[in-house]
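**Q** Sequence unavailable; structure follows:
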């Protein structure tokens, strides 16, 4: 009886996966048609470069955004904890592209750090683009990780993004011009054992961005949730990822930070609410919603045994 039940569950899952893969091409094509029909609004990436503020800008996807936008002529305010890395990047961008690149050291896990960035936003005459990219991950059992680290992650991913968005929006709405990119993750589509707070906080950013995108329809301000998959950055080199083995991820699933940033900016120009760079990850994002909890538990137990 149990074998039959399991077979039935697997059959339903296989049917769901097949239907999802079959429909995905049509969904993507339909979205592109809708994007082409949507009337243009005031903000167009690359059309009239203004000022962009990027958090988590000292490396990885944040630095890639900085380089892409500097090449388009944007004035930049770069935010991160590592002051020396920020200063080096600012000097590089100023020399290579002749743009103003301001370094703003701030730790967004602290209220004081967030307030510092909020005050800088208020001092800017006009902010055209806000990229909430700062973030980190911790791998391990939820109960074994210090509670302060969970709180730090929620503050960086959720509280900082919400408060900086709230600080930037009034000016954008008044000018009917602007855009905000909140860097979520493909992990935000699935509750992940072993990365409980990470996947939950990234899911918040996705839903927050989608809801705000709908709420601001016609207001001249674009909102995007950027949901990348595995990206070649320093993200997995941190001590929290001590057991992470890059070789376990097939080479075809890794994307460069520049590829992610370019995909995001192109999707923003189409006013796309959710950007998932890479066809593989768009398929994965569609499929993982069908994964039942029992299969999630089974996969996690097997991965734990391999690590042990």
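**A** Now that the structure is in, tell me what you want to look at. All values derive from a computational prediction rather than experimental measurement.
**Q** ok, the residue lying closest to residue 175 once chain neighbours are set aside - contacts?
**A** Leaving aside its chain neighbours, residue 175 sits nearest to residue 126 (6.5 Å; criterion: C-beta to C-beta, 6 or more residues apart in numbering). Where you see a C-beta, it was placed from the backbone N, CA and C, and this is true even at glycine. When contacts are counted by C-beta atoms under 8 Å, 6 or more residues apart in numbering, residue 126 touches 50-51, 171, 175, 177.
**Q** part of a helix, is residue 126?
**A** No: counting by DSSP: H, G, I helix; E, B strand; the rest coil, one finds residue 126 to be coil, located in no helix.
**Q** For it, give me phi and psi.
**A** The phi/psi pair for residue 126 (degrees, to the nearest 10) reads phi -160, psi 130.
**Q** residue ranges of the strands in the stretch 1-150 of the chain, please?
**A** Applying DSSP state E, counting those that start in this stretch to the stretch 1-150 of the chain gives strands spanning 51-55, 75-80, 101-105, 129-132.
**Q** ok, the longest one: who's next to it in the sheet?
**A** In the sheet containing strand 75-80, its partner strands are strand 51-55 (parallel), strand 101-105 (parallel), by DSSP bridges.
**Q** Next: the shortest one.
**A** When pairs are called by DSSP bridges, strand 129-132 turns out to pair with strand 51-55 (parallel), strand 178-183 (parallel).
**Q** Need those in TSV (columns: mean neighbour count).
**A** Output for the strands paired with strand 129-132, formatted as TSV (neighbours: other C-beta atoms under 10 Å):
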stretch	mean neighbour count
strand 51-55	26
strand 178-183	26
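**Q** Among these, which comes closest to residue 160?
**A** Among these, the nearest to residue 160 by C-beta to C-beta is strand 51-55 (7.1 Å).
**Q** average pLDDT for the closest one?
**A** The pLDDT scores in strand 51-55 average 98.
**Q** can you check stretch 167-178 too?
**A** 97.
**Q** Between the contacts of residue 126, which sits nearest residue 64?
**A** residue 51 (18.3 Å).
**Q** which ones are touching the closest one?
**A** 74-77, 124-129.
**Q** ok, residue 137 - how many residues close by?
**A** Close neighbours of residue 137, defined as other C-beta atoms under 10 Å, add up to 20.
**Q** The residue nearest to it when sequence neighbours are not counted: what's it in contact with?
**A** Among residues not flanking residue 137 along the chain, residue 198 sits closest, at 4.6 Å (C-beta to C-beta, 6+ apart). By C-beta under 8 Å, 6+ apart, the residues touching residue 198 are 137-138, 153, 185, 187, 192.
**Q** what about 7 Å?
**A** 137-138, 153, 187 (C-beta atoms under 7 Å, 6 or more residues apart in numbering).
**Q** With residue 57 instead?
**A** With contacts defined as C-beta under 7 Å, 6+ apart, the neighbours of residue 57 are 63, 66, 78-80, 86, 89.
**Q** same check, this time on residue 140
**A** By C-beta under 7 Å, 6+ apart, the contact set of residue 140 is residue 194.
**Q** So it versus residue 154, what's the distance?
**A** In this structure, residue 140 and residue 154 are 16 Å apart, going by C-beta to C-beta, to the nearest Å.
**Q** follow-up on the earlier one: select, out of the strands paired with strand 129-132, the one closest to residue 224.
**A** Minimum separation from residue 224 across these (C-beta to C-beta) falls at strand 178-183, 4.8 Å.
**Q** Would you mind getting the angle between the helix or strand following the closest one and strand 178-183?
**A** If you walk from strand 178-183 toward the C-terminus, the next helix or strand you reach (DSSP states H and E) is helix 196-215. Relative orientation of helix 196-215 versus strand 178-183 (axes from the mean of the first three to the mean of the last three C-alpha atoms, to 10 degrees): 160 degrees.
**Q** First-to-last residue distance for stretch 173-182?
**A** Taking C-alpha to C-alpha, to the nearest Å, stretch 173-182 runs 18 Å from one end to the other.
**Q** and if you look at stretch 120-138?
**A** First residue to last in stretch 120-138 (C-alpha to C-alpha) measures 30 Å.
**Q** try stretch 137-144
**A** Taking C-alpha to C-alpha, the first and last residues of stretch 137-144 lie 14 Å apart.
**Q** JSON lines for the strands paired with strand 129-132, including distance to residue 163?
**A** Listed next are the strands paired with strand 129-132 as JSON lines, based on distance: least, C-beta to C-beta, whole Å:
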{"stretch": "strand 51-55", "distance to residue 163": "11"}
{"stretch": "strand 178-183", "distance to residue 163": "12"}
